[in-house]
Structures are given as C-alpha cells and as structure tokens.
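> Below are the sequence and a predicted model for it; my questions follow.
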Amino acid sequence: MGRALLETGMLSNLGQTHTPGRRIGLEGVKDRRRARDCPIFWNRVAHSGSNPQNVELSYVNVKGAPEKVARRLEERRVIGIARLRDPELVVEAAAVAAAHGLGAIEVPFTVPRAAYSIAALRERLEPDIVIGAGTIRTRIEFQDALRAGAEFLVAPGLNPELVKAAQSVGVLMVPGVYTASEVELALSLGLWLLKLFPAVPAGPEYLAALRQPFPDVRFMPTGGVGPENAAAFFGAGAAVLAMGSSIFPQRRIEAEGPRVVAELTEAALRAVAPAA
C-alpha cells in the first residue's frame, strides 16, 4: 500500500472506539514496512463541527499485537538497555550489539533525545530486532515513543493511566512491580508480563517466592541482572531478562568506543542460552 493510497480519504474505523461524528485522518504517514514489519500511524481525530484547532492526537498501532511482541521478547531471552548519555552513541552501541546477536533493545527516556535514538535504530536495524522505549513515566514520553516507532514500552512503576493508554492503541506496556499488591493491581488491569524492579538485591529467591502465589505471571527481572546471575533468575521462573550496564557500560563505552559492546553482548547471550 503506497503513500498516495493511504492519503486518498478518511478512515471511519481503525479498531478504536469513536463517538458519533468522529473521523480519522492519517497525518505524517511513514510506511516503514519491510519483511515481517508493519508501521505505526499517528493521526489527528476531530469532532464534526469543531473548529480546525479542536483536534486530539491519537495513534493506530498496526504492528504485532501486544502478546505477539511479548512472545518475541521472551524468545530472545534478554533485552539490552542502552542507557547512555549520548543519543548518537546509543545508536552506534546498540547497532554493534545487534550485529553480535542481541535481538531486543530498550532505549530509556533518561537518554537525551531518546526518541531520536529509537527512530534511528528502527531505520538502521533489521525488522526482527525488537526495539522499545524504557522509563516511560508521562503521556508526552508515551507519545514520543510511539512516534519514534517503539514496539514495546517499559515503565519503572505501575501507572494505570499509562497502562490503559497503551492498551487503547494496542502496544505492549511492561510496568515495574515489586510487591504482591502491585502484581494484583497489574493483573486487574489485564497485564501478564511484568518488570520485577529492582531485581537485586532481593535476587532470584525473591522472584521464586513471588511466583508462588502468581504462577501464571511472566516476570522480567531488571536492575542488577547480568551474566553472573542469569541462570539463577531463569531457574527461579523468569520469562525474560533485562540487562543494562552488563551489555552497555556507560563509562567504558565512552572511553573505549562502542566496539566494547561486542564481547559483552556475546557473554550475555551465552549466559541466557537455554540449557542443552
């Protein structure tokens, strides 16, 4: 489907719930589809009879459903969190990691111009690399991440408003939880993949204990996770791990360059490989 065809008319229903008289027009369409890839369209929604300024920004996510993206993350077993100070260095280091086998990358919004890094990686890397946004705490960050092409969103805590916003546009949101009460709340919101944060110092033993009353919840331990404890976390029931400085050590990358990520990526992948 080409750009011209997408722009020929208004769309009355794209899987969202609309009030009477609302119509959707596509704005800034970027069809980035490649093999096994689909775009995210952002658009403006206007009420009939409203003045031209009375519009609201919304999104149509036509990438894979949240469950499909979650399964892709679990298949890759580890997500690399590229938390660096330089957005250009994020792109270069993440590209090195991807070239050495890392299949999932999270760019946290503590990175300056994080949305730029996400968009640059989405354009540069192969479509089978899953790219997401982390440390999503506000609606502005939420919107910027979707515009940039993030396939999943990760938050440090559990914000029901952001969870519902993600569900309304069909994007995977992985919020942070730590206590049984937070897990209960997440379940009540229809979530199934949760970020256990911080995973250390409580460690794999805490994960195993937390899974006893919640055996069906899929946990993503984050914070203090590395090759040295990866096997223990999987043994305790982790669905996927997130590693930050184990793969992307900020000071070392700044001092030695992004190539140092190659050996660290390979070490992480060896550590998370399923037992023979």
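That came through, no problem.
> which element is Leu194 on?
Using DSSP states H and E, Leu194 sits in strand 193-196.
> ok, Arg83 - how many residues close by?
Residues near Arg83, counting by other CB atoms under 10 Å, number 20. For every residue, glycine as well, the C-beta is placed using N, CA and C.
> Contact partners for it?
Residues counted as contacts of Arg83 (CB atoms under 8 Å, 6 or more residues apart in numbering) are 108, 110-111, 134, 244-245, 248, 250.
> among the residues you listed, which ones are buried?
By neighbour count, with 16 or more other CB atoms under 10 Å, these hold 108, 111, 134, 244, 248, 250 as buried.
> can you redo those residues as CSV with distance to Gly226, secondary structure and pLDDT?
Formatted as CSV, the buried ones among the contacts of Arg83 follow (distance: CB to CB, whole Å; DSSP: H, G, I helix; E, B strand; the rest coil; pLDDT from 0 to 100):
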residue, distance to Gly226, secondary structure, pLDDT
Pro108, 17, strand, 98
Val111, 20, coil, 98
Gly134, 17, strand, 98
Gly244, 9, coil, 98
Phe248, 12, coil, 98
Gln250, 15, helix, 98
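> how many neighbours does Ile73 have?
Heads up, residue 73 is Leu, not Ile. Using other CB under 10 Å: Leu73 sits among 25 other residues.
> Please, which helix or strand holds it?
Short version: Leu73 belongs to helix 66-76, going by DSSP H and E.
> what's next to the very next helix or strand once past that helix, contact-wise?
Per DSSP H and E, helix 66-76 leads on to strand 78-81 as the next helix or strand towards the C-terminus. The contact list for strand 78-81 (CB under 8 Å, 6+ apart) reads 73, 94, 97, 102, 104-106, 108, 130, 132, 134, 220, 222, 230, 240-244, 247-248, 265, 268-269, 272.
> if we can go back for a sec, mind picking the two most distant members of the contacts of Arg83?
The largest separation in the contacts of Arg83, counting by CB to CB, is between Gly134 and Gln250 at 14.8 Å.
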